[in-house]
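Q: A structural model of the following input is requested.
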Amino acid sequence: MATQGISTIGLDVKVGDFSLNYVTDIGDIGASPSELDATCMKDTMKKSVPGVQETKAFEVTFLFDNSTPDSDYRRLKKLQDAGSPVALEVTFPDKTKFATTGYVSVMVSGAKVDELISAKLNLSLQSDWTVTDPV
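A: Take a look at the predicted model:
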């Protein structure tokens with residue numbers, strides 16, 4: 001019998017060679033293709049065919065910490081400053097792995113009273129997602 005849903009407990013986000021410690025939210029994995037108009041003069045209904053996949057930057061929200069050299073924010077900032085694409089791997093609790101590459105951009109989110117300070121990783125994707133199924 002199949003599992004009816006998977007909890008997010010244990011989900012791992014790895015950027016380059018390290019896993020983020022305090023992830024609270026991740027963006028969508030995958031993309032939808034653009035729609036190319038294939039409608040002809042004799043058609044009575046608009047037709048389209050799929051084009052290239054369109055996706056925005058993959059976003060990860062995490063709790064801000066810059067207190068040590070190995071804090072998530074500081075390590076991501078170094079990757080951003082290096083300016084080279086890095087590997088990203090998201091592993092679900094059932095061991096399904098999603099991987100891609102992209103350019104790192106990190107920012108501190110706005111803050112409110114009685115709220116933890118958070119930050120965001122934006123990865124400008126440079127490759128399609130690959131999926132590795134659990135064994």
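Q: need the contact list for the closest residue to residue 29 other than its chain neighbours.
A: Of all residues not flanking residue 29 in the chain, residue 98 sits nearest, at 5.0 Å (Cβ to Cβ, 6 or more residues apart in numbering). Using the backbone N, CA and C atoms, a C-beta is placed for each residue, glycine as well. Residue 98 is in contact with 29, 89, 90, 91, 92, 129, 130, 131, 132, counting by Cβ atoms under 8 Å, 6 or more residues apart in numbering.
Q: Please look at residue 34 and residue 54 and confirm they touch.
A: Yes: between residue 34 and residue 54 there is a contact at 5.1 Å, judged by Cβ atoms under 8 Å.
Q: Around residue 16, how many other residues sit close by?
A: Residue 16 has 16 neighbouring residues, counting by other Cβ atoms under 10 Å.
Q: circling back to that earlier point, widest-spaced pair of the contacts of residue 98?
A: Pairwise distances across those (Cβ to Cβ) peak at 14.1 Å, for the pair 92 and 130.
Q: For these two, indicate the residue with more neighbours.
A: The neighbour count for residue 92 versus residue 130, taken as other Cβ under 10 Å, is higher for residue 92 (16 against 10).
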